[in-house]
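>>> What follows is a predicted protein model with its sequence.
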Amino acid sequence: MTATTLRAPARAAGRGGGLTGAGMLLKIWLRRDRVMMPAWIYALTALVASTVYSFKHEYGTAAARETFARGIGDNPSTRILYGPVLNDGSVAGLSAWRVGATGAAVTAVMCVLLVVRHTRAEEEAGRLELVGAAAVGRRAPLTAALLTAVTAAGTLAAAVALVMVLFGLPAAGAVAFGLSWFGAGLVFSGVAALTAQLAETSRLANGLAFAVLGAAYLLRGAADAGSAHWLSWLSPIGWAQRLRPCAGEQWAVLLLPLLAFAVLVAAAYLLTERRDLGAGILAPSLGPAHAPPSLRGPLALWWRLQRGSVLGWSAGVLVYGLAIGGVADGVGDLVNGSDAVLDDIRKMGGQQDIADAFLATAMGLMALFTAAFAVQSVLRLRAEESAGRLEPVLATAVGRTRWALAGLAGTVAGTVVMLAATGLAVGLVHGVRSGDLAGQLPRQIGAALAQLPAVWVVAAAAVLLFGALPRATSAAWGVLTVFLLLGQVGPLLGLPQAVMDLSPFTHTPKLPGGDPDPLPLAGLTAVAAALAAAGLAAFRRRDVT
C-alpha cells in the first residue's frame with residue numbers, strides 16, 4: 001500500500017463537505033453516554049410520572065383542582081417559578097404547569113452538557129486533533145455532538161409522552177408536552193454549539209450557554225409574573241409554555257425552536273470553518289506574569305477555579321429562596337380543599353404548621369441542589385487529573401493530600417455559602433411578609449445550614465469514588481439521584497423506613513419548626529469525615545492516571 005493510498009481517505013473527507021466520520025463519532029459518543037444519558041432521561045421521566053400521580057391522587061375532584069388553580073393565579077411568586085395554569089385545572093393541565101418550565105430548563109441543561117462535552121471539551125483535551133488526522137471531516141464532531149443531544153432530547157420527549165398517556169392523559173396534550181421539552185433541548189443544543197466555537201475552554205462554553213438559559217428562564221418568569229406577557233415570546237422556555245400542552249395546543253409554536261435551532265447551528269458551522277482547531281473566536285485574556293500572594297497555594301488556586309461556579313450556583317439558590325419565601329405564607333390557600341396535599345406536605349416537612357412544613361420541604365430540596373454543586377465540585381478533582389494538570393502540580397512542593405484537601409475545602413466552603421444564601425433569602429422575604437423579620441431571619445438561616453451534614457455525606461461519597469475508583473467518579477451523580485428519589489418520592493409512596501434511611505437527607509432535622517437534635521447532625525458529619533478520609537487514603541495509594 002502506497003502513501004498515496006493512505007492519504008486518499010483524508011482527501012475524500014475534504015471533498016465530502018467535512019461530514020465524513022460523523023456516523024462513527026455518533027456511535028462512539030452514544031456508547032460513552034450510555035450511563036449519563038439514561039440517567040437524565042430516567043430522572044426526568046420519573047419526575048413527570050410522580051407529578052401526574054400526585055395530582056391524580058391528591059386532587060381527586062374538579063373543585064379541588066379549580067381551587068388550587070385559582071390560588072396559583074393569585075400568587076406572583078408561584079407564577080415566577082412555574083408560570084400560569086393555562087386551563088381550568090385538569091390533571092393534565094396542572095401536571096404540564098408544574099413541571100413544564102422547569103423540565104424544559106433541565107432538558108436544556110442536559111443538551112448543553114452533551115454538546116459541549118463532545119465538541120469543546122474533546123478539542124480542549126487534544127483528542128479531536130488526533131481524530132481529525134484520520135478520515136474525519138472538520139464538521140463531523142459538531143454534527144455528531146448535535147445528533148447525540150437531539151437523540152437524548154427526542155428519547156426523553158417520547159418517554160414522558162408515553163408515561164402521560166399510560167396515566168390516562170390526552171394523547172395530543174402528552175405529545176405536545178414532550179415536544180415542548182424537545183424544542184427547548186433543540187434550541188440550547190444550538191446555543192451550546194455556538195458557545196463551543198466562541199469559547200476556548202469547556203468551562204467558558206458551558207458558562208455562556210447557561211447564562212443564556214438563565215436569562216431565558218428569568219425573562220419567562222418576569223413575563224408571567226407581570227403584565228408584559230409578550231416578553232415570554234422572547235424566551236425559548238416561554239415557547240415551551242406557549243405551545244399550551246394539555247390546554248388547547250398551539251402547534252405552530254414548534255416552528256420557533258426549529259427556526260432558532262437552524263440559525264444557531266448554521267452560525268456554529270460557519271464559525272467552525274473560520275477558526276483554528278483548539279482556538280476560540282473569543283481571544284483569552286493574558287494573566288499577569290507573576291501570581292499575587294493570594295494565589296500561591298493550592299487552596300487559593302481552587303478558589304480561583306471554583307469561584308465562578310460558586311457565585312453562579314449561589315445566585316440561583318438566592319433567587320429560588322426569594323420565591324419560596326414569598327410563597328410560604330400563602331401555601332395554605334394554595335392547597336385549600338385537598339387534605340391529601342396537606343398530609344403529604346406534613347409527611348415530607350414533618351410539622352403540624354403548614355408553613356413550617358412547606359419551608360422544611362423546600363429546605364430539603366435546596367439541600368439536594370447544593371449537593372449537586374458539591375458533586376460537580378468534587379468531580380473537578382478528577383477532571384484536573386484526567387486532563388494532565390495534576391502531575392505538574394504534584395511535581396512541586398504540593399503533596400497529594402494537600403492538593404485534594406484544598407479541593408475538598410473549596411467544596412465545603414461553597415456548600416456553606418449556598419445554603420446560607422438560601423436561608424437568608426427565605427428569611428428576609430418570609431420575615432417581611434409575616435411581620436417577624438427579627439425572628440424568621442436567624443430561624444431560616446439555621447434551618448438551611450442544618451442541611452450541611454447531609455450534603456457533606458454526598459460530597460464525601462464522591463471523594464471516595466475519586467480515590468478508590470477514579471474511572472467511576474461520575475457515578476456520584478447516580479448516588480445523588482437515588483437520594484433524590486428516596487427523599488422526594490419515598491414519603492408519597494410509603495416506602496419502608498429502612499429504605500428511606502439509606503438517604504442522609506432522611507436524618508436531618510425537619511427545620512424550621514422541628515426538634516433541632518444535634519445527634520443526627522453529628523452522626524452525619526462523622527460519616528462524611530470517614531468517607532472522605534477513606535477516599536483520601538485511597539488516592540494516596542493509587543497511581544495518578
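Received, thanks.

>>> need the contact list for the closest residue to Leu511 other than its chain neighbours.
Distances taken as CB to CB, 6 or more residues apart in numbering place Ala447 nearest to Leu511, at 3.7 Å, with adjacent residues excluded. (Glycine included, C-beta is placed from N, CA and C.) Applying CB atoms under 8 Å, 6 or more residues apart in numbering, we find Ala447 in contact with 359-360, 363, 423, 511-512.

>>> And these, which two are furthest apart?
The span of the contacts of Ala447, defined through CB to CB, is set by Ala360 and Gly423 at 12.3 Å.

>>> Give me the phi and psi for Ser235.
phi -120, psi 130 (degrees, to the nearest 10).

>>> Arg220 is in contact with that one, correct?
Yes: at 4.3 Å, Ser235 counts as touching Arg220 under the criterion of CB atoms under 8 Å.

>>> and stretch 83-92, how far from the chain's centre?
Offset of stretch 83-92 from its chain centre (CA atoms, centre = their mean, to the nearest Å): 25 Å.

>>> Pull that stretch out as CSV, backbone CA atoms only.
Extracted as CSV, the C-alpha positions of stretch 83-92 are listed here (Å, rounded to 0.1, in the frame of the first residue of the first chain):
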residue,chain,number,x,y,z
GLY,A,83,-45.8,30.0,35.1
PRO,A,84,-49.6,30.3,34.9
VAL,A,85,-52.1,27.5,34.7
LEU,A,86,-53.4,27.7,31.2
ASN,A,87,-56.6,25.7,31.5
ASP,A,88,-59.4,25.1,34.0
GLY,A,89,-57.3,22.9,36.3
SER,A,90,-57.4,19.4,34.8
VAL,A,91,-54.9,16.8,35.9
ALA,A,92,-53.2,17.1,32.6
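
>>> And the contacts of that stretch?
52, 55-56, 59, 62, 65-66, 68-69, 72-73, 93-94, 96-97, 100-101, 164, 169-170, 173-174, 220-221, 224, 241, 244, 246-248.

>>> ok, now stretch 296-312?
Here stretch 296-312 makes contact (CB under 8 Å, 6+ apart) with 203, 207, 210, 294-295, 373, 376-377, 380, 393, 398, 402-403, 406-407, 409-411, 413-414, 417-418.

>>> Give me the subset of these that lies in strands.
Among the contacts of stretch 296-312, none falls in strands (DSSP state E).

>>> low-scoring stretches of the stretch 301-450 of the chain, by residue?
329-354 (pLDDT under 70).

>>> Now with 90, please.
301-369, 372-373, 376, 379-402, 425-444 (pLDDT under 90).

>>> can you give me the strands for it?
Applying DSSP state E, counting those that start in this stretch to the stretch 301-450 of the chain gives no strands.

>>> what's the answer for the stretch 151-300 of the chain, then?
Assigned by DSSP E, counting those that start in this stretch, the stretch 151-300 of the chain shows no strands.

>>> residue ranges for the helices of it, please.
171-198, 202-225, 236-242, 255-274, 298-328 (DSSP state H, counting those that start in this stretch).

>>> Tell me which of those lies nearest to Val499.
Nearest to Val499 among those is helix 298-328 (27.8 Å), distances taken as CB to CB.

>>> isn't Leu419 right next to Leu365, touching?
No: between Leu419 and Leu365 no contact is recorded; they are 11.9 Å apart, counting by CB under 8 Å.

>>> For those two, indicate the residue with more neighbours.
In this view Leu419 and Leu365 are compared by other CB atoms under 10 Å, and Leu419 has more residues nearby, 26 against 18.

>>> can you pull the contacts of the more buried one?
Each residue near Leu419 by CB under 8 Å, 6+ apart is listed here: 317, 366-367, 370, 448-449, 451-452, 455.

>>> Please list all residues in contact with the closest residue to it other than its chain neighbours.
Closest residue to Leu419 apart from its sequence neighbours, by CB to CB, 6+ apart: Ala448 at 4.4 Å. Residues in contact with Ala448 (CB under 8 Å, 6+ apart) are 363, 366, 419-420, 422-423, 426.

>>> Try it again at 6 Å.
Neighbour list for Ala448: 363, 419, 422-423 [criterion: CB atoms under 6 Å, 6 or more residues apart in numbering].

>>> Same question for Leu208.
Contacts for Leu208 (CB under 6 Å, 6+ apart) come out as Thr195.

>>> Distance of it relative to Thr195?
4 Å (CB to CB, to the nearest Å).

>>> ditto for Asp517
Counting by CB to CB, the separation of Asp517 from Thr195 is 47 Å.

>>> So what's the residue count around Ala534?
For Ala534, using other CB under 10 Å, the count is 15.

>>> likewise Phe167?
Using other CB under 10 Å, Phe167 has 18 neighbouring residues.

>>> Please name the spatially closest residue to it (chain neighbours excluded).
In space, Phe167 is closest to Val52, 4.7 Å off (CB to CB, 6+ apart).

>>> Sounds good, over and out.
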